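A.B. asks: what follows is a predicted protein model with its sequence.
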Amino acid sequence: PSDPLPTDPDWAGGVLYADEWSRAVPAPPAALWRLRVGDTLGSWRVEEVVPGRLLRLRAETRLPGQAWLELTCREEHGRTVYGQRAIFHPRGLLGHLYWWTRTPFRRRRVPGDVVRRLTRAS
């Protein structure tokens, strides 16, 4: 059987947790990332790229579940809007506990750090 994917519909069963953020950035969509499928970024592997629109990373660390980070960008009213979605498919009770104990840290730190790094590099 296939592992769950972030693109699976809600009715497919199981639980997927997600946190989403968005922010306007001073860079064109094409400049936000120039990665290829299979490349690694620390403990993340590039799983899917839609140039100028989507970058999906899959965690390669040992977790009580599977984790993805989806980065999107779109033009809106003449400016680029960066979006980020952290997705987690928990395995068992430990997976659910992991998600809920990490929530306060994700909301404070992750969105701003990634936005700053991407826009600085672009």
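C.D. replies: Yep, it's here.
A.B. asks: L35 and E47: what is the separation?
C.D. replies: Separation of L35 from E47 (Cβ to Cβ, to the nearest Å): 10 Å. From N, CA and C alone the C-beta is placed, and that goes for glycine too.
A.B. asks: using the three-state scheme, assign the most centrally placed residue in the chain.
C.D. replies: Closest to where the C-alpha atoms of the chain average out (Cα atoms, centre = their mean) is L69, at 1.7 Å. Each residue gets one of three states, and L69 gets strand by DSSP: H, G, I helix; E, B strand; the rest coil.
A.B. asks: verify the stated contact: it with R85.
C.D. replies: Yes - counting by Cβ atoms under 8 Å, R85 is a contact partner of L69 at 7.4 Å.
A.B. asks: does W68 have beta-bridge partners, and which?
C.D. replies: Listed by DSSP bridges, the beta-bridge partners for W68 are R58, I87.
A.B. asks: can you check the pLDDT for L32?
C.D. replies: pLDDT for L32: 67.
A.B. asks: typo on my end, it should be L94
C.D. replies: 93.
A.B. asks: quickly find the element holding it.
C.D. replies: If you go by DSSP states H and E, L94 is part of helix 92-121.
A.B. asks: packing partners for the helix or strand containing V49?
C.D. replies: For V49, the element it lies in under DSSP H and E is strand 44-50. Strand 44-50 sits against strand 54-59, with contacts defined as 3 or more Cβ pairs under 8 Å, 6 or more residues apart in numbering; DSSP states H and E.
A.B. asks: buried stuff in the strand it packs on?
C.D. replies: Within strand 54-59, the residues scored as buried using 16 or more other Cβ atoms under 10 Å are 55-59.
A.B. asks: check those and tell me the two furthest apart.
C.D. replies: Of all pairs drawn from the buried residues of strand 54-59, the greatest distance, 14.1 Å, lies between L55 and A59 (Cβ to Cβ).
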